[in-house]
Structures are given as structure tokens and as C-alpha cells.
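Chemist: fold the following, please.
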Amino acid sequence: MSVPTDVLVIGGGATGVGVARDLAMRGVDVVLAERDGLSGGTTGRSHGLLHSGARYAEADADGAAACIAENRVLREIAGDCLRDTGGYFVQLPGDDPDYFAAKRDACRDLGIEVDVRSGSAAREAIPELSPEIERVMRVPDAVAYPSRLVAATAQSARDHGAAIHTDAPVTDLHGDADTAADGATDETITAASIGGTVDDRIVADHIVNATGAWAGECAALAGIDLKMSPTRGVMVAVENEGLDTVLNRCREPADGDIVVPHENQVVLGTTSVAVDDPDEYPQPERAIERMIDECAAMVPALDGREPARTYWGVRPLYDPTAAGEGARAISRDFFLLDNEERDDTEGFTSIVGGKLTTHRRMAEAVADHVCERLGVDAACRTADNPLPGHDDPAVLDELVREFDAGSPADRDVTGA
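Modeler: Residues are numbered from 1 along each chain as shown. The predicted model follows:
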């Protein structure tokens, strides 16, 4: 059976459900298909840090500005999908003081709130910090619970008429070819075969590929060559009830430089190693030990702790230059790829790259683009409307279970 819709969104991570929500709020008929449960890919395997932008301020002003803007939006609409902890960038002996100063100045230039404190003042507030810490800067970082954020966004999309399908893998994409007078052939992607719980053919005016690290595989179903540059990272959760502030090591991004607190655990991360296959890649035990060793430099009580849980994720990075400069050199920004402009394939758009913090902005960019293609004149409203259940953790966790959105990133919080 063929099911018609305006837009099919493939992928049920933060960006995919964000696109579905945005389009549905503009009156567009939307179907979303996810091969697993929601947040089953990169979103649910992140460290769950809501960036203030400080991590990128001195190196990527535009990316940092986007982070602080979305940080403020999500604080208004996401409620208990977040935890307002604040964050410290900490300088240890051997860390470059000029790097600290450059980050501080860049944050101030971008309007990111910064409060520089001595090491002793920081330890008065957070006794768990190492006595070796020389100084810190406090920034408005926070913790995001990805499972809750995705489930609440999906419920909002559904409240506005979107159909959300989990366990519904797209198995094929179909198109119609038209030959122009000059002999050129344009392909229009018009339909998708979906298995699992749907087992139907979805016929859409436009298809959005929001599959993250798997965007290349999804695009290949439409005959489109899209080369991703995914990197793997490990997160290690250990029991710790004292620390209640996000910690970042104030140095060039490296392994083991982020500590993200939950109620009774902290999540330590992360590595960044290029992989060829986002489903199959090495997971060396030494990387887990390295996370604990490196983060213990900031919080000595972590030294020797046994992991409570460990999980790996793959970042959906895209390198348009294919420069091969190394995994950490690839931009964390997002890219909207219109395949009509790239290779004469109409009706198909991919959204790649980006961060959990900026997922709503990414979705807005996609929705703007799709609405222009469809001739829909409606503005984005996602920044002004709180998410369903935002003020009730029990409701949020019930939505997590309903959408099968439970993920390793916050399993200790949601219980799903």
C-alpha cells in the first residue's frame, strides 16, 4: 500500500525529530521513520553536554555563537530535559595560560558569560577538584538528557499531526527520471519502501535524510554519493555523588577532557578516532582506562574507579574539503546538502554534522529549505513553544518508554 505525505524524514535522533516537529508546526504533513527506537544512534550515545559555546569560542566564533543562542532557547523550552549545572574550564599545571586567556576573551567577545576564579575559590565551591588546579572560568554549560529531549520533541511533532514510526527501517528509495530538452536527466526521489512496523511504501513530495553518521548509506539508496567522516568516541560513567558541575579541561580538545555530572554518576569523555563503518569499529579497552586516568587529573577521586557503564558513539562528521587533517580537525558545524544543486537529484535533502546543542537550529534550517521547495509560507515556531512534559520528569520518562527512546547517555536518570 502507498501512503502519501508531504515530507518523509528518515532518522529519529535529535535532528530528525526536530525537523518533524518544525515542519508539523508549520502545517506540513510529515512522516518520520527510524530503524530502531528514537535516539538510538549518535544522539543517545553522546556525553549529553549542553554547550555554552565556550569549547569552541577561540577557534570557531560562529559555532560558539550558535551554541550559546541555542543553549538559551533550550533552557526556555526544554525544562527537565536539561539540568542546569553550570560549567568550569579548568587550568592545570602545564596547560597553556595563553590558551586560557584566548578562550576567556573570545567568550566575552561573543557574550558568553565568563567568571574567572582562582583555584582555591573554585575548590571552595567544588571540593572534589584537584588541588593542582590553578584557575578556572565559569561558563553557562549544562547537562542535556538526550532521551527525554528526543521523546518530548517527538511528542510535540505528533501533537501537531506528524506520524512517528520506530522500528521502521527504510529499505529502498525510488525515483522517476525526466529527460530535459538538452538530453540531461534529472532524477526525482518520490518514494521509500519501509519495513518493520510500517511495511508500506511512503510517497512524499520531499525526503529528508537525517540519519547522522549513516547519511552516506541512506543517500546511497537514492543513488547519491555522500561521503561521511565519522569518528568514534567512548563515554565512561562512574559512581560519584559529589560533583555537580560540568568540567572541561582548558586545553586544545583532547581525550578525556570533559566530565558531565548526573545525579549519582558522572560521564567521562571522550576520544575521537576516525572509523569506516558506523556500525562496526574497534572498541579498545585501553580507551576506557584512558578516560578515567585523564579525567582524574581534574577530579582525583575518580582515580581507580570501576566503570558503572560504558558506551561508544559515532559522530556524524562531514568534511567537505576531504582534507584529511585528522578527526579533531573536522568541523563540528552542520551542513545542509541539497541534492538538486549537487547532482540533479530533486526531492532529497541531507542534513549532516552538528551537535546535540544546535539540533533545533539545524532542524529550522532544514524546515526553511523544505518549505521553500514546497511553496509553504510559514515561519518557524519551535523556539517559542515549550516541549510537552517539560516540567514533569515522570511524564518525560513515560514518553521515553513510549517512543523506545531510552539510551546509554542517560539511562541512570530515566531508568529506560
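Chemist: tell me the contacts of residue 165?
Modeler: Going by C-beta atoms under 8 Å, 6 or more residues apart in numbering, residue 165 touches 31-34, 194, 196-198. C-beta coordinates here come from the backbone N, C-alpha and C atoms, glycine included.
Chemist: actually residue 401, not the one I typed
Modeler: Per C-beta under 8 Å, 6+ apart, neighbours of residue 401: residue 416.
Chemist: which is the next helix or strand following the helix or strand it falls within?
Modeler: Residue 401 belongs to helix 393-402 when assigned by DSSP states H and E. Using DSSP H and E, the helix or strand that follows helix 393-402 in sequence is helix 411-414.
Chemist: using CSV, list the CA coordinates for that following helix.
Modeler: Extracted as CSV, the C-alpha positions of helix 411-414 are listed here (Å, rounded to 0.1, in the frame of the first residue of the first chain):
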residue,chain,number,x,y,z
ARG,A,411,19.9,5.5,31.4
ASP,A,412,20.8,6.1,35.1
VAL,A,413,18.4,9.1,35.1
THR,A,414,15.4,7.9,33.0
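Chemist: go through the strand or helix carrying residue 238 and flag the buried ones.
Modeler: Using DSSP H and E, residue 238 falls within strand 231-239. For strand 231-239, a neighbour-count test (16 or more other C-beta atoms under 10 Å) marks 231-238 as buried.
Chemist: rebuild these as JSON lines, extending it with pLDDT and distance to residue 2.
Modeler: Below are the buried residues of strand 231-239 laid out as JSON lines (pLDDT from 0 to 100; distance: C-beta to C-beta, whole Å):
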{"residue": "231", "pLDDT": "94", "distance to residue 2": "39"}
{"residue": "232", "pLDDT": "95", "distance to residue 2": "39"}
{"residue": "233", "pLDDT": "95", "distance to residue 2": "40"}
{"residue": "234", "pLDDT": "96", "distance to residue 2": "43"}
{"residue": "235", "pLDDT": "97", "distance to residue 2": "42"}
{"residue": "236", "pLDDT": "97", "distance to residue 2": "47"}
{"residue": "237", "pLDDT": "96", "distance to residue 2": "45"}
{"residue": "238", "pLDDT": "96", "distance to residue 2": "51"}
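Chemist: ranges for the strands of the stretch 201-350 of the chain?
Modeler: Along the stretch 201-350 of the chain, counting by DSSP state E, counting those that start in this stretch, strands occupy 231-239, 246-249, 258-261, 265-269, 273-274, 309-315, 334-338, 345-346, 348-353.
Chemist: quick one: strands adjacent to the fifth one?
Modeler: In the sheet containing strand 273-274, the strands it pairs with under DSSP bridges are strand 231-239 (antiparallel).
Chemist: the partner strand: how far from the chain's middle?
Modeler: Distance, stretch centre to chain centre, for strand 231-239: 15 Å (C-alpha atoms, centre = their mean, to the nearest Å).
Chemist: same check, this time on stretch 24-43
Modeler: Chain-centre distance of stretch 24-43: 14 Å, with C-alpha atoms, centre = their mean.
Chemist: likewise stretch 104-116?
Modeler: Centroid separation between stretch 104-116 and its chain, computed with C-alpha atoms, centre = their mean, is 24 Å.
Chemist: can you pull the buried residues of that stretch?
Modeler: Of the residues in stretch 104-116, 104, 106-107, 110, 112, 114 count as buried by neighbour count, 16+ other C-beta under 10 Å.
Chemist: cool, stretch 377-394 as well?
Modeler: By neighbour count on 16+ other C-beta under 10 Å, the buried set for stretch 377-394 is 380, 382-383, 387-390, 393.
Chemist: kindly check the end-to-end length of that stretch for me.
Modeler: Chord length of stretch 377-394, first to last residue, is 37 Å (C-alpha to C-alpha, to the nearest Å).
Chemist: contacts for that stretch next, please.
Modeler: Contacts of stretch 377-394 (C-beta under 8 Å, 6+ apart): 18, 21-22, 25-28, 73, 76-81, 148-149, 152-153, 155-156, 159, 360, 363-364, 367-368, 371, 395-396, 398-399.
Chemist: give me that answer again for 7 Å
Modeler: Identification of contacts with stretch 377-394 by C-beta atoms under 7 Å, 6 or more residues apart in numbering yields 21-22, 25-27, 73, 77-81, 152-153, 155-156, 159, 360, 364, 367-368, 371, 395-396, 399.
Chemist: out of these, which end up buried?
Modeler: In these, burial by neighbour count holds for 21-22, 25-26, 73, 77-81, 152-153, 155-156, 360, 364, 367-368, 371, 395-396, 399, counting by 16+ other C-beta under 10 Å.
Chemist: so which of those belong to strands?
Modeler: Judged by DSSP state E, strands contain none of the buried ones among the contacts of stretch 377-394.
Chemist: so which of those residues sit within helices?
Modeler: Those of the buried ones among the contacts of stretch 377-394 mapping onto helices are 21-22, 25, 73, 77, 152-153, 155-156, 360, 364, 367-368, 371, 395-396, 399, per DSSP state H.
Chemist: correct me if wrong: residue 212 contacts residue 39.
Modeler: No: using C-beta atoms under 7 Å, residue 212 is not in contact with residue 39, being 10.8 Å away.
Chemist: more neighbours, the two?
Modeler: residue 39 (34 against 26; other C-beta atoms under 10 Å).
Chemist: could you pull out the residues contacting both of residue 212 and residue 39?
Modeler: Joint contacts of residue 212 and residue 39 (C-beta under 7 Å, 6+ apart) are residue 13.
Chemist: in this protein, what helix or strand scores lowest on average pLDDT?
Modeler: Sorted by mean pLDDT, DSSP states H and E, the helices and strands of the chain end with helix 339-343, the least confident at a mean of 69.
Chemist: many thanks, I have nothing further to ask.
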